[in-house]
Every structure is written in structure tokens, then in C-alpha cells.
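**Q** Give me a 3D structure for the following:
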Amino acid sequence: MTETHGAGWVDSHCHLFITDRDPQPLMERAVAAGVRWMMVPGVDLETSRAARSLAAQHPDRLVWSAGLHPHDADAWRATGADISALAADAAAVGECGLDYYRNLAPRDVQREVFRAHLELASALHKPVIIHCRDAFSDVYEHLEYAELGEQAVLHCWTGGTRWTKRFADLGVTFSYAGPVTFETGETVRIGARHAPPAQTMVETDTPYLTPPPHRQEPNEPAYVPLIGAALAEVWGLTIDDVAAHTTATAHRIFGGPPP
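**A** Numbering: from 1, shown residues only. All right, here's what the predicted structure looks like:
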């Protein structure tokens, strides 16, 4: 396991409640691997409530967010008011965004609900956690208009050089996950060269996208240093430098648990 002895790590995106595993040992292994705290994002009303509950049980290790994933955008009319009320007490809005790969909700509905999340984040002065899959152009257009700067967090960023440069010019925050470590992730790694370290975080997206050498296992926050190690190689920095940059960014964006 790749660890660090300096700033420690933050897992900026892990779904500890979307798993049949007990979150407690996952958090304990994460702490042993040098992970100081974790963000647990909601993806609908039920999981946003679950994220709030879990974070309340572990206020020294977890912060949480409330939002609606684009797969379920059709549910916004029924649940949007409740999600918005939860977000007022959360560290962030989201996970939200656009997914044109699976298209599980109509694209026009996805865009409408994404705009609602961006407006909510702006009104609450909170960061917004954004899912972007095969939707770079439309996400860019929405963020260019919203002018949220670093408060716009591009979760599990997989853009290549062109889109990474364009989004970096908007001042967004990038969050890298398992794909930057994959054998098939060369495009992501090449793009990551253009992501400013001071605008970047690391995440696991637990239980998904497990980095090697654990590819056949469910993901967990203890593996987030492996993401940092991949970025260290991309950027030509030490692993401690990457931990310091990404942890400082996470504190600046999400605040983190009370000291």
C-alpha cells in the first residue's frame, strides 16, 4: 500500500453506503492507510439521507452531500425539494450532472435537473459534485454560464488534453479516481498533465473503479493513495507533494470534519 507521512489523504468521493460491507472496517483501514477523512455523496433522496446519517455517526471522519444522479433525473420533480432542504445542511450539493453514455433519463430532463443543482449550489454558496460521462460539451456550457469556479468539482474526471485544458481555464476542481491508474487509462493520464495540482483532489468512488493491484475486489477508501501515486508519476512530483496538494484542495472545497 502506498502511504504518506505528511499531509495525509482525503477520499473526496466514496459511496460507503452503496455496499453490503460494514462501513466501520472500511474507515478503519482507510485511516491505517493515511486517509484523514472522506466525502460521502448522496445520489438520490434515500442515499442523501443515508450519507447524512453515516456522517453524523462519524463526524471526525466523514462529510456528506445531497443530490440526484443524472440516471434518476426523472425523480427530481418528486424529490427535489427534499434533496434541496438536505443540501442546505450538507458540505456540498450533488452528485449530479449529465450521463450521455447510459442515457437512463432523457437528456433534456438531465440538463434541467443539472441546472437546478448548479443554481442550488450557487444560492447556498456550496461546492457541487459533478458526474460527467460522454457529456463534456454540455457540462462545459453549463459551467461556463454558472461561473462557479473551483466550487464546481468534476468527480472521477476522465477528460483528455483538450477538455482538461478547457475546464482548467474555468477554474474548476478536478477529482481523479481509478481510471487514471488503469492500463487503459493513458488518455486520462495524458490529460492529467494539464490539471493543476492545486486544483485537484483524489477519490476512490467506492465501491467502483478499483485501482490495480486490487482490480477484482470492491473498491474502498484505503486505496486512494494509489490514485495519488499515479498522479505523482504523471506530474513528476513526490507522493507526499501530491498528498499535500490534494488534501489542501479538499479542505478548501469541502471544509472537512471539525479539527
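**Q** For P212, which non-adjacent residue is closest in space?
**A** Closest residue to P212 apart from its sequence neighbours, by Cβ to Cβ, 6 or more residues apart in numbering: T181 at 6.1 Å. From N, CA and C alone the C-beta is placed, and that goes for glycine too.
**Q** for that neighbour, what are its contacts?
**A** T181 is in contact with 211-212, 226-227, 230, counting by Cβ atoms under 8 Å, 6 or more residues apart in numbering.
**Q** now R61
**A** For R61, the contacting residues are 27, 31, 37-38, 257, by Cβ under 8 Å, 6+ apart.
**Q** Now intersect those residues with the helices, please.
**A** 27, 31 (DSSP state H).
**Q** where's the dip in pLDDT among the contacts of R61?
**A** Least confident entry in the contacts of R61, by pLDDT: P257, with 92.
**Q** so that residue sits right up against W64, yeah?
**A** No: between P257 and W64 there is no contact under Cβ atoms under 8 Å: 10.7 Å.
**Q** still on that earlier bit, most neighbours among the contacts of R61, please name it.
**A** Greatest neighbour count in the contacts of R61, by other Cβ atoms under 10 Å, goes to M38: 33 neighbours.
**Q** Nearest residue to that residue in space, please, no chain neighbours.
**A** With Cβ to Cβ, 6+ apart as the criterion, M38 has its nearest non-adjacent residue at 4.3 Å, and that residue is D11.
**Q** repeat for G8
**A** Using Cβ to Cβ, 6+ apart and skipping residues adjacent in sequence, the residue nearest G8 is R36, 4.1 Å away.
**Q** pretty sure the one you found contacts V10?
**A** Yes: here R36 reaches V10: they are 6.1 Å apart, a contact under Cβ under 8 Å.
**Q** quick one, which of those two is more surrounded?
**A** Neighbours per residue, other Cβ under 10 Å: of R36 and V10, the larger number sits with V10, 27 against 19.
**Q** and that one, which of the three is it?
**A** strand (DSSP: H, G, I helix; E, B strand; the rest coil).
**Q** Give me the helices and strands touching the helix or strand containing V242, please.
**A** V242 is part of helix 239-254 when elements are defined by DSSP states H and E. When contacts are defined as 3 or more Cβ pairs under 8 Å, 6 or more residues apart in numbering; DSSP states H and E, helix 239-254 packs onto strand 9-11, strand 35-41, strand 200-202, helix 224-235.
**Q** and the third one, what's its mean pLDDT?
**A** Put plainly, it is strand 200-202. Per-region confidence: strand 200-202 scores 98 on mean pLDDT.
**Q** try the first one
**A** If you average the pLDDT over strand 9-11, you get 98.
**Q** Parallel or antiparallel, list what pairs with that strand.
**A** Pairing partners of strand 9-11, with direction, according to DSSP bridges: strand 35-41 (parallel).
**Q** Tell me how far the strand it pairs with lies from the chain's centre.
**A** Relative to its parent chain, strand 35-41 has a centroid offset of 10 Å by Cα atoms, centre = their mean, to the nearest Å.
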